[in-house]
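> Sequence and computational prediction follow.
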Amino acid sequence: MLVVGRRWFRATALAVVLAGCGGSNFDGHVYRRGDLAFRVGPIPPAWRSIEADGALIAFRDDPAEATIALNGRCGLDGDDVPLEALTHHLFLHFTDATLVKQERFELAGRAALRTELTAALDGVPMHYVVVVLKKNACVYDFMFVNPEGRTSGTEAFERFVNGFETLG
């Protein structure tokens with residue numbers, strides 16, 4: 001289930017619609033729309049583009065039951081908000097949240113926060129890995145979602161995130 005706070009998206013994994021992932025704004029490597037321009041890391045061939053409300057780009061690995069998504073917005077919020085608070089905000093409507101691990105690291109030349117947790121929405125427990133980054137008055141939320149207890153797909157998510165770079 002892909003539901004992440006008010007500033008992310010509310011769409012269940014069952015209702016994910018196959019689509020052209022970001023429309024003509026994404027060419028498979030680079031996304032451009034208004035103030036947002038970025039490159040992402042490699043997307044495995046087995047991952048298919050999907051549309052998820054509020055996500056700029058999203059992909060699904062059906063055999064692993066895993067989804068990766070990226071949302072970004074500029075000039076709307078977050079300039080003076082700590083990364084921890086931005087991350088917490090993503091999970092306001094969840095229950096039974098259990099933090100697995102949280103760490104700061106550098107991404108695209110800025111501090112980023114990687115948070116791994118399990119949480120339930122409508123009683124369905126899922127595993128989440130979230131990376132939040134603030135850069136150039138923009139906030140980027142990367143998300144990996146899969147069923148609790150499954151780890152397949154996390155390596156692809158890490159490569160996707162680690163290849164991220166903002167473009168002029």
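Happy to help now that I have it. Residues are numbered from 1 along each chain as shown.
> Now do the buried residues in the helix or strand harbouring residue 161.
Per DSSP states H and E: residue 161 is located in helix 154-162. Of the residues in helix 154-162, 154, 156, 157, 158, 160, 161 count as buried by neighbour count, 16 or more other CB atoms under 10 Å. Where C-beta positions appear, they are placed from N, C-alpha and C, glycine not excepted.
> How far off centre is it?
Computed by CA atoms, centre = their mean, to the nearest Å, the chain-centroid distance of helix 154-162 equals 11 Å.
> Which other helices and strands does that helix contact?
strand 66-74, strand 124-135, strand 138-147 (3 or more CB pairs under 8 Å, 6 or more residues apart in numbering; DSSP states H and E).
> Who is the nearest residue to residue 35 once chain neighbours are set aside paired with across the strands?
Of all residues not flanking residue 35 in the chain, residue 74 sits nearest, at 4.1 Å (CB to CB, 6 or more residues apart in numbering). Legend: beta-bridge partners of residue 74 under DSSP bridges are residue 138.
> Quick check: residue 74 vs residue 110, distance?
14 Å (CB to CB, to the nearest Å).
> repeat for residue 167
15 Å.
> All good on my end, thank you.
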